[in-house]
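Student: Following is a predicted model, sequence given first.
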Amino acid sequence: MNELENLYQELIVDHSKNPRNFGKLEPHDHEATGYNPLCGDKVTVFLQMENEVVKNVQFHGVGCAISTASASLMTERLKGKSQADAEKLFTEFHGLVTQGTADAAAQERLGKLQAFSGLREFPMRVKCATLAWHTFRAAMRGEEPDISVE
């Protein structure tokens, strides 16, 4: 394992054991719950939106290390983003974990989220990493989450 892979692994372990923005956000104006019946991961995402900007975001639930770390890193990355920028990050993260693709600009926007780039080789783990993202997007849009992954 090279140094970058070690750093990514350490980052995922740290965020799974010490998730950031974990808990029920009060007050919140958007909420959605996502569930992956294949592995039992369940996450609820709470948002405070102000003028189409993610003012605050937190999550609560149970999941594997990948699911929890992804939710934790997601919340850090999405705070303060406009709805349009959040949608763009969703698309870029989804592309990263399903296809391993991200141009230089997307890599910069994704930052630490690039730790999940190797997941495309493990389709069952992709669902773990994207559950919080699909749930966030559903909460932001006022929809039911769609956890299906092509």
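Tutor: Looks like it came in fine.
Student: tally of neighbours for Phe46?
Tutor: 23 (other Cβ atoms under 10 Å). No exception for glycine: its C-beta is placed from N, CA and C like everyone else's.
Student: again, but for Arg141
Tutor: Neighbour count for Arg141, taken as other Cβ under 10 Å: 13.
Student: cool, and Leu38?
Tutor: Per other Cβ under 10 Å, the neighbour tally for Leu38 reads 10.
Student: From Ser70, how far off is it?
Tutor: To Ser70, Leu38 is 16 Å away according to Cβ to Cβ, to the nearest Å.
Student: next one: Leu96
Tutor: For Leu96, the distance to Ser70 equals 11 Å [Cβ to Cβ].
Student: Now do the contacts for Tyr8.
Tutor: By Cβ atoms under 8 Å, 6 or more residues apart in numbering, the contact list for Tyr8 reads 114-115, 117-118.
Student: okay if I get those as JSON lines plus secondary structure and distance to Phe22?
Tutor: As requested, these are exported to JSON lines (DSSP: H, G, I helix; E, B strand; the rest coil; distance: Cβ to Cβ, whole Å):
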{"residue": "Gln114", "secondary structure": "helix", "distance to Phe22": "22"}
{"residue": "Ala115", "secondary structure": "helix", "distance to Phe22": "18"}
{"residue": "Ser117", "secondary structure": "helix", "distance to Phe22": "24"}
{"residue": "Gly118", "secondary structure": "helix", "distance to Phe22": "24"}
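Student: now that we have these, which one has the most neighbours?
Tutor: Per-residue neighbour counts (other Cβ under 10 Å) across the contacts of Tyr8 peak at Ala115, which has 24 neighbours.
Student: Can you list the neighbours in contact with stretch 22-36?
Tutor: Residues external to stretch 22-36 that are found in contact with it (Cβ under 8 Å, 6+ apart): 41-49, 56-61, 63, 67, 72, 127-128, 131-132, 134-136, 138-140, 142-145, 147.
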